[in-house]
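Asker: sequence first, predicted coordinates after that:
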Amino acid sequence: MNKQMTPAQIELLQQSSIRPKLDTRPHPAMSIAFVVFLVAGVLFTAYSLYSDIESTTVHPTTWVPFLFLALALFIALGFEFVNGFHDTANAVATGIYTHSLPPLPAVIWSGFCNFLGVMVSSGAVAFGIIVLLPVELILQVGSGAGFAMVFALLIAAIIWNLGTWYLGLPVSSSHTLIGSIIGVGIANELVGANGATSGVDWQQAMHVGESLLFSPFAGFVCAALLLLALKFLVRKPSLYAEPHGDTPPPLWIRAILVLTCTGVSFAHGSNDGQKGMGLIMLILIGIAPTAYALNRAMDPSLIDSFQVVAADAERMLAAHSGGVAAPANPRDAVGAYLRDRQMSPDTISALAALSADIARQVREYGSLDAVPAQSVQNVRNDMYVAGEALRHIAKTGQGSFNTAELASLGKFEDFLDDATKYIPDWVKIAVAIALGLNTMVGWKRIVVTVGERIGKQHLTYAQGACAEVVAMATIAAADSYGLPVSTTHVLSSGVAGTMAANGSGLQWRTVRNLLLAWVLTLPAAIVLSGFLFILLRQVL
């Protein structure tokens, strides 16, 4: 005689009938295509590197730099690999759990959109993170300490991301990377002798941290409000219902959810892909400065404009120097200002002299492509230090410049950034392939957490759409301001917000674990990367 099922058993049966089939094995042709694209990406990267280095007039006499370069690029692309299946699983979770897209087509489509997002990115986010690093390590990234910096922060970020992925916790790769950078900065300051090294640019760190801190709250509140507004404006019961079995939603609902999945994936690629690009550029500048320290593709016709802007900047800086003579080594004086954040009497005069020296060198060489190999690193470091000093002066208001003068100095800073902060197309393509392909690997753990373990009830069509619209808009806004933001935090908190607004209830155990991981990510990454930096600095 059959026993009568309990309400809990009935609910479990209903949930299992709604739950998407996540264990579908890919067709062999898909696996072959994955391997083909991966191998093509590796070969394309190797060929591009070889072509760029071969086109320079100075060639390495040993294979050791290439071994370091290969290892560093492997680790940097490994970070993007983990980022791919750790973060972008969030973008497909709502589409999969509303049956708008089957799992495999969803992750393939998301990977393609991530690829496109990386390719159209501006690079502003990449260098917004790089400026958090100690300035002397950036200027000497090819040294043992520079390699220790790059390896420590990347390995720490990968370890933490893999650990949280294994536990099914959607933790932010951006949050982890920022923590790793801060850890390296603190460790560099601790091991420096007599305060001769710099630590963290805390002002920039706070600026970046605000975007990471604000994003989860924005996701929760905005998604909740959007759902409530949608309920008030669109009174269509089917929009607020759970899926029926594995039946896809009505076509118009499905189109909306596919569109939001597309938008989140694209926005994620345009924002998160840049972090790997910035670190790869640091690696290339350190190991192959002749090929990558300066933007040799910069249009030579801009040199005349550069001279005019540089002359205006030098004149304004000299006028504000108070007649103080420039020091013998202006770059060191400006570097000390960047390290200590304290303006001394000769800071402005040193910056004026450094600007004049930069203009003179560019005028003599005629174009960046004509800068001799032995001078490339010095010219690049002069430009980088001057640009960062101008950026900091504009941010802090030091130097008593008026609005028109700051605008003119800003033009000079833009020219310096164009010369030193650029990303070759092949770097974008390599990161895009890494992020796009690896979206299709290891995505299930995070998808299950977002789709099943945040709310007590199954995700509805409206909840999925609201969470993704908010995530897409938040990431796009952050991208336009050159700020890193967490796809994971925005989307998972958005799902939680819609559950709360809908009265669906939250699984507090999951919410507690997410909050705990969010709180622990920064200190854990700081400690791990700081320890690795000190260890690797001794080894290298």
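Answerer: Here it is on my side, so go on.
Asker: start to end distance for stretch 95-112?
Answerer: 16 Å (C-alpha to C-alpha, to the nearest Å).
Asker: stretch 479-490 now?
Answerer: 14 Å.
Asker: and stretch 160-173, which residues are buried?
Answerer: W160, N161, T164, W165, G168, L169, P170, V171, S172, S173 (16 or more other C-beta atoms under 10 Å). Quick note: C-beta positions are derived from backbone N, CA and C, even for glycine.
Asker: so of those residues, which ones are in helices?
Answerer: Mapping the buried residues of stretch 160-173 onto helices (DSSP state H) picks out W160, N161, T164, W165, S173.
Asker: list just the nearest of those to P28.
Answerer: W165 (26.1 Å; C-beta to C-beta).
Asker: okay, now the closest residue to N161 other than its chain neighbours: neighbour count?
Answerer: Excluding the flanking residues, the one nearest N161 by C-beta to C-beta, 6 or more residues apart in numbering is V82, at 4.6 Å. Neighbour count for V82, taken as other C-beta atoms under 10 Å: 22.
Asker: rewinding a little: of the ones in helices among the buried residues of stretch 160-173, closest to A313?
Answerer: Closest to A313, out of all of those and judged by C-beta to C-beta, is S173, at 37.4 Å.
Asker: quick check: the closest one touching E80?
Answerer: No: counting by C-beta atoms under 8 Å, S173 sits too far from E80 to count as a contact (9.0 Å).
Asker: state the pLDDT value of Q204.
Answerer: In this model, Q204 is scored at 65, pLDDT.
Asker: could you number the chain from 53 rather than 1 from now on?
Answerer: Let's use 53 as the start, then, which means that last one is Q256.
Asker: where does this protein dip in pLDDT?
Answerer: Applying pLDDT under 70 to the chain flags residues 53-70, 109-114, 137-141, 222, 244-253, 255-257, 259-261, 263-264, 534-536.
Asker: helix or strand right after the longest helix seen in the chain?
Answerer: Secondary structure of the chain per DSSP H: the longest helix is helix 303-339. Next along the chain after helix 303-339, taking DSSP states H and E as the criterion, comes helix 341-344.
Asker: ok, residues contacting that following helix?
Answerer: Contact partners of helix 341-344, identified using C-beta atoms under 8 Å, 6 or more residues apart in numbering, comprise 104-105, 107-110, 194, 333, 336-337, 425, 428-429, 432, 476.
Asker: name only those of those residues that count as buried.
Answerer: Buried among the contacts of helix 341-344 by 16+ other C-beta under 10 Å: D104, I105, G194, M333, L336, I337, V428, Q429, R432, P476.
Asker: going by distance to L587, which of the contacts of helix 341-344 wins?
Answerer: Relative to L587, the closest of these is G194; by C-beta to C-beta it sits at 19.7 Å.
Asker: and this structure, what are its domains?
Answerer: 80-105+126-344+476-591, 352-472 (automatic domain parsing).
Asker: what about G488, distance to S401?
Answerer: 50 Å (C-beta to C-beta, to the nearest Å).
Asker: for I160, that is, sorry about that
Answerer: Distance from I160 to S401, by C-beta to C-beta: 59 Å.
Asker: tell me the contacts of the residue nearest to the spatial centre of the chain?
Answerer: In the chain, the C-alpha nearest the mean C-alpha coordinate belongs to K327, at 3.0 Å (C-alpha atoms, centre = their mean). Shown in contact with K327 (C-beta under 8 Å, 6+ apart): F131, N135, V177, A178, I181, S225, S226, L229, P536.
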